[in-house]
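Q: The following comprises the amino acid sequence and a computationally predicted model.
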Amino acid sequence: MTWEPERLDDQRHLSEGDPSGMLPAVAGAAAHVRTGYRNAIEARVDRLAGQGRPRAIVVAGMGGSGIAGDMLAAVAGNGAPLPIVTVRSYQLPGWVGATDLVIAVSGSGDTEETLSVATQAVRRGCTLLGVGAPGSPLEAVATQASAVYVPVPVSGQSRANLWLLAIPLIVAAVELRLVTAEPDLFERVAATLEDMANRCRPASESFINPGKSLAMDLAESVPMIWGSSPSTAVAAHRLAGQLHANAKYPAMHGELPEAGHLQVAALDGPVAERDIFADVSGRSLRLVILRDVEEHPQVTRRREASLRLARERGVPVSELMAEGVHPLERMATLIGLGDYASTYLALGYAIDPTPVSAITELKARISQ
């Protein structure tokens with residue numbers, strides 16, 4: 001598999017190389033926001049508020065569904081009056097009980113880890129909110145427990161349906177008064193993603209297309225992606241995951257200041273070395289910083305110092321700034337850009353971004 005950047009402006013290649021339509025799926029993010037919001041309202045997630053504020057919120061989900069939980073925690077912020085944690089396993093923590101809200105998220109509705117946690121939540125008497133495919137095993141668990149369930153029309157890969165799965169969680173948090181949201185917030189988020197879809201459309205050439213430009217930066221590198229706030233850290237995690245799944249590409253992610261205590265050491269390692277005289281360039285480290293307009297002053301100092309360290313060592317850097325007033329808007333700018341970049345990176349390597357054969361094979365082996 002060789003990187004050929006000219007493929008990104010070859011409309012025929014972009015169409016034929018993406019037979020399952022990952023690019024159109026990414027472009028549907030704005031519609032997913034509106035659908036997720038409408039379905040959450042129709043499912044009456046406001047009923048959760050009638051049970052009082054929970055002691056804690058636990059979100060159960062794997063892959064993109066787990067990212068939805070991280071988004072909820074980041075949007076609620078450090079001022080949230082209760083802990084919000086994401087569980088990515090089969091086991092509900094022992095401290096979770098009847099006064100807690102468990103949100104089970106699964107695009108397919110049959111993710112075995114999520115079903116296991118949802119079942120445990122019901123047995124312990126927790127309040128349960130389910131989000132996933134209609135008519136699925138997850139909906140059956142929720143229905144049997146007389147719990148609120150938000151059916152969402154997931155199609156294709158669950159990772160391409162992030163906003164369908166995440167928005168109902170944010171709506172529920174608004175109803176519980178854990179998140180402050182203006183009446184037009186969700187429409188603003190949808191408009192932000194529509195703007196990104198227009199700027200990153202396949203017909204837009206690489207030199208003005210931010211998604212293609214970021215893909216070109218990431219190509220032939222090992223990206224180390226850092227967020228400078230909880231919101232941008234979620235976007236960093238999402239970008240790394242999308243690079244894995246769409247482009248089948250290695251990446252690491254972190255959040256400042258923690259990344260400055262461990263991952264920064266990689267700037268002195270073998271992957272950071274660049275031989276400008278080599279006939280064949282190897283893949284070397286690239287530092288990708290996702291910035292936020294709201295940063296702790298000490299985080300800003302660490303970010304600036306880290307960028308200087310990288311540049312002094314000849315490690316290429318990319319800085320991306322989140323835009324918008326609300327944390328959810330700012331997250332949308334970076335998540336939308338990253339989803340496009342990961343898809344274009346795959347297509348630049350002539351990789352179909354949709355199939356995940358290694359994941360499918362792993363699931364088949366453990367089911368035997």
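A: Sure, I can see it.
Q: Number of residues surrounding N198?
A: Other residues within reach of N198 by the criterion other CB atoms under 10 Å amount to 10. To be clear about C-beta, it is placed using only N, CA and C from the backbone, and glycine gets the same treatment.
Q: State the phi and psi torsions of it.
A: Recorded main-chain torsions at N198 are phi -70, psi -40, according to degrees, to the nearest 10.
Q: So it versus P355, what's the distance?
A: 28 Å (CB to CB, to the nearest Å).
Q: With L23 instead?
A: Between L23 and P355 the distance is 15 Å, computed by CB to CB.
Q: my guess is V26 contacts A341, does it?
A: No. Taking contact to mean CB atoms under 8 Å, the distance of 10.0 Å between V26 and A341 leaves them out of contact.
Q: Can you get me a residue count around the residue lying closest to A27 once chain neighbours are set aside?
A: Nearest residue to A27 in three dimensions, chain neighbours excluded: A197, at 4.5 Å (CB to CB, 6 or more residues apart in numbering). Neighbour count for A197, taken as other CB under 10 Å: 21.
Q: Would you state the helices of this structure in chain order?
A: Using DSSP state H, the helices found in the chain span residues 11-16, 22-27, 29-42, 64-76, 112-123, 137-144, 162-175, 185-199, 210-218, 230-247, 297-312, 327-348, 357-366.
Q: closest to T2 out of those?
A: Evaluated over the helices of the chain, closeness to T2 peaks at helix 327-348, with 9.4 Å, by CB to CB.
Q: That closest one: how far from the chain's middle?
A: Using CA atoms, centre = their mean, to the nearest Å, the mean C-alpha position of helix 327-348 is found 9 Å from that of the whole chain.
Q: That one vs helix 64-76, what angle?
A: Between helix 327-348 and helix 64-76, the angle formed by their directions is 150 degrees, by axes from the mean of the first three to the mean of the last three CA atoms, to 10 degrees.
Q: So which elements touch helix 327-348?
A: Identification of packing neighbours for helix 327-348 by 3 or more CB pairs under 8 Å, 6 or more residues apart in numbering; DSSP states H and E yields helix 22-27, helix 29-42, helix 64-76, helix 162-175, helix 185-199, helix 210-218, helix 230-247.
Q: which other helices and strands contact the shortest one?
A: So the one you mean is helix 22-27. Helix 22-27 is packed against helix 327-348, with contacts defined by 3+ CB pairs under 8 Å, 6+ apart.
Q: quick check: mean pLDDT across the helix it packs on?
A: When pLDDT is averaged over helix 327-348, the result is 98.
Q: Roughly how far does the nearest residue to S206 once chain neighbours are set aside sit from C126?
A: Leaving aside its sequence neighbours, S206 sits nearest to K212 (CB to CB, 6+ apart; 4.2 Å). K212 sits 45 Å away from C126, taking CB to CB as the criterion.
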